[in-house]
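Trainee: need a 3D model of the following:
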Amino acid sequence: MSNVVFYLLDETAEAHNQPAHFALACLLATRSYRQKQKCLIYCQNQQQAEQFDELLWQLPNDAFVPHNLAGEGPVGGAPVEICWQPPNQFNRPLLINLTDTIPVFHQRFRQVIDFVPALETLKAQARERYKQYRAAGNQLDTLPASTIISESNDG
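Mentor: Residues are numbered from 1 along each chain as shown. Below you'll find the model as predicted:
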């Protein structure tokens, strides 16, 4: 059983041509790294994975997060690994889901983070994921995205 947290996004605007949940996922990956907790970012496809990888490279120097695409980087991967296919190893406690479905392997992680975008069609997909996570027996929480943003600004 995993603890699944959905973050409610209140922004429909895309920042720097990126979906709103990408920016929040960057903050969460940064927080995970600073807490010395490895995480896996699961993307819809290779193009989305590369887009997210590029976004992490654009973080300011003082916010750099060691990361790599699956199959690249050091043996065992960097603290933050980005993939678009099910991973070979499940040695990370945190999964950040950027796809529009629930990962079939999500229960191999202690914590799963997912997002509820503001756009109505994407919100409907998030509701469906929520139901699927609940049906799989996971513990569910829903928090406003502002809780992460304010935590990041505080320290």
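Trainee: center of the protein - which residue?
Mentor: Geometric centre of the chain, nearest residue: Ile96, 2.6 Å, by CA atoms, centre = their mean.
Trainee: helices or strands next to the helix or strand that Phe22 is a member of in the packing?
Mentor: Element membership of Phe22, judged by DSSP states H and E, is helix 20-34. Using 3 or more CB pairs under 8 Å, 6 or more residues apart in numbering; DSSP states H and E, the elements in contact with helix 20-34 are strand 39-42, helix 46-57, strand 80-83, strand 94-97, strand 111-116, helix 146-154. For the C-beta atoms, the positions are set from N, CA and C on the backbone; glycine is no exception.
Trainee: comparing these by mean pLDDT, which bottoms out?
Mentor: Within those, confidence is poorest for helix 146-154, with a mean of 65 (mean pLDDT).
Trainee: burial count for the residue nearest to Pro93 when sequence neighbours are not counted?
Mentor: Excluding the flanking residues, the one nearest Pro93 by CB to CB, 6 or more residues apart in numbering is Arg110, at 4.4 Å. Arg110 has 13 neighbours, counted by other CB atoms under 10 Å.
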